[in-house]
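In: Let's see this in three dimensions:
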Amino acid sequence: MDALYYGFVVFLFAAVILAIEALYLWWMGTHGRAAQRIARRLQIMAGGAGRTERISILKQRRYSHNDAFDQLLHGLKFAHRIDRLLVQSGLRWTVEQLLGASALLMLVGVLLVARWPVPLVFRVAVVALLMSVPAMLARRARRVRLLRIEQQLPEAADFIARALRAGHSFTNVLQIVGNELPEPLSGEFRIAREEINYGVPMGEALHNMAARIPLTDLRYLIIAVLIQRESGGNLAEILGNISTIIRGRLKLAAQVRVLSAEGRMSAWILGCLPFVVSTMMLIMNPKYISMLWTDPTGMRLLWYALGMIVVGVIWLRKVIHIRI
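Out: Residues are numbered from 1 along each chain as shown. Next up, the predicted model:
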């Protein structure tokens, strides 16, 4: 009986492992990067059927589905900054959706802190924090996307240099890079290629790509291309040198990031610890901590503590932030 039971357990374990492996192989075969690359090549060979253009023939992006609200947002400067943030983050949100999400979270925050026994300034801080969540998510998506693009730039520069040595024109190289390289950098090259197809001059299309991707390394690459188009020269060799420089800078940046990790963690812990401890004390014993905002001396201590926390976090940020 025991041997039969243990045999059943072993076979069940093996069946589960094989099922997980089969699911993984199916997923990689249908949704993995290699499968997507093959599907994109087959789509191109079939004449691009089913492909949708990623840019509009209109010069102006829409900020809202409502025409009147869209026209109103286009007249506001902060709406243009929000739209630039959304473009750089790669999110498919509109300015209207981000503002609507912020307003909804602000309403939730107001209802949440309406009955909290804390000073008004803390209620306002909580509401402001909730209201800024969509913007923080967009900024985080922007940072992650730009980091991925920065890591792909050396490979893109080498790819362009090899294609130019093979005899392709730079316009065709843009199309090849957009089809062969992984996202998100390939999408930006496709957008530049599609802008050129719509009649935008190549210099303007490259400047637009630099505006969508505010990276110094990409600007070096674009400046090299534009200077070569004006004065001539061996663009393939220049791009190879730029690729070497970018790889060296990324290696140095990774070393600096590792060496400054302790400082960043200290800044996060020291900045969040007072608020976490205060929240825990407010939940466990509200009467004990309420002296800080019911007594004038306690209020002064709170303001002094908040000022010292802000100064300390800014100081730590300046210490660990090293420009390369």
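
In: OK, contacts around residue 150?
Out: 215, 217, 250 (CB atoms under 8 Å, 6 or more residues apart in numbering). C-beta: built from backbone N, CA, C; applies to glycine.

In: wait, the last one sits on residue 149?
Out: No: with contact defined as CB atoms under 8 Å, residue 250 does not reach residue 149; the gap is 11.8 Å.

In: Mind splitting this structure into its structural domains?
Out: Using the TED database, the domain parsing of the chain gives 148-249, 250-320.

In: could you dump the ones you listed to a markdown table with distance to residue 92 and mean pLDDT?
Out: Conversion of the domains of the chain to a markdown table gives the following (distance: least, CB to CB, whole Å; pLDDT from 0 to 100):
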| stretch | distance to residue 92 | mean pLDDT |
| --- | --- | --- |
| domain 148-249 | 12 | 84 |
| domain 250-320 | 29 | 81 |
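
In: Give me whichever of those is most buried.
Out: domain 148-249 (a mean of 17; mean count of other CB atoms under 10 Å).

In: can you give me the offset of it from its chain's centre?
Out: With CA atoms, centre = their mean, to the nearest Å as the basis, domain 148-249 stands 20 Å off its chain's centre.

In: related to what we said a few turns ago, filter the contacts of residue 150 down to just the ones in helices.
Out: Within the contacts of residue 150, residues falling in helices by DSSP state H are 217, 250.

In: which among the contacts of residue 150 gets closest to residue 292?
Out: Closest approach to residue 292 among the contacts of residue 150 (CB to CB): residue 215, at 45.3 Å.

In: Backbone dihedrals for that closest one, both of them.
Out: phi -120, psi 140 (degrees, to the nearest 10).

In: Which residue, other than its chain neighbours, is closest to it?
Out: Sequence neighbours aside, residue 150 is the residue nearest to residue 215 in space, at 5.6 Å (criterion: CB to CB, 6 or more residues apart in numbering).

In: Pull the residues that contact stretch 98-117.
Out: 82, 86, 122-123, 126-127, 129-135, 138, 286, 290.

In: which strands and helices sit next to the helix or strand containing residue 222?
Out: Secondary structure from DSSP states H and E places residue 222 in helix 216-231. Packed against helix 216-231 by the contact rule (3 or more CB pairs under 8 Å, 6 or more residues apart in numbering; DSSP states H and E) you find helix 133-165, helix 202-212, helix 235-259.

In: Quickly note the distance from residue 237 to residue 249.
Out: 19 Å (CB to CB, to the nearest Å).

In: go on, residue 152?
Out: Applying CB to CB to residue 152 and residue 249 gives a distance of 14 Å.

In: How about the contacts made by residue 240?
Out: Per CB under 8 Å, 6+ apart, neighbours of residue 240: 157, 158, 161.

In: from those residues, which is closest to residue 222?
Out: Residue 222 has its nearest neighbour among the contacts of residue 240 in residue 157, at 11.1 Å by CB to CB.

In: Quick check: closest non-adjacent residue to the closest one.
Out: Spatial nearest neighbour of residue 157, chain neighbours left out: residue 243 (3.8 Å); criterion: CB to CB, 6+ apart.

In: Next, work out how far apart residue 285 and residue 300 are.
Out: For residue 285, the distance to residue 300 (CB to CB) stands at 22 Å.

In: Check residue 99 too.
Out: 37 Å.

In: now residue 225
Out: Distance from residue 225 to residue 300, by CB to CB: 60 Å.

In: Repeat that for residue 67.
Out: 53 Å.

In: now swap in residue 134 and tell me
Out: Note on residue 134: its distance to residue 300, by CB to CB, is 35 Å.

In: Now do the SS call for residue 188.
Out: Applying DSSP: H, G, I helix; E, B strand; the rest coil to residue 188 yields a three-state assignment of helix.

In: Actually, residue 200.
Out: coil.

In: Skipping adjacent residues, who's closest to it in space?
Out: residue 208 (7.6 Å).

In: can I assume the one you found is in contact with residue 194?
Out: No: when contacts are counted by CB under 8 Å, residue 208 is not listed as touching residue 194 (11.0 Å).

In: thinking again about what came up before, need the helices and strands packed on helix 216-231 in TSV with distance to residue 281, can you?
Out: Listed next are the helices and strands packed on helix 216-231 as TSV, based on distance: least, CB to CB, whole Å:
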stretch	distance to residue 281
helix 133-165	25
helix 202-212	47
helix 235-259	35
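
In: Please state the offset of the helix or strand containing residue 316 from the chain centre?
Out: Using DSSP H and E, residue 316 sits in helix 296-320. Mean-position distance between helix 296-320 and its chain equals 30 Å (CA atoms, centre = their mean).

In: could you say what helices and strands that helix packs with?
Out: Judged by 3+ CB pairs under 8 Å, 6+ apart, helix 296-320 is in contact with helix 261-284, helix 291-294.
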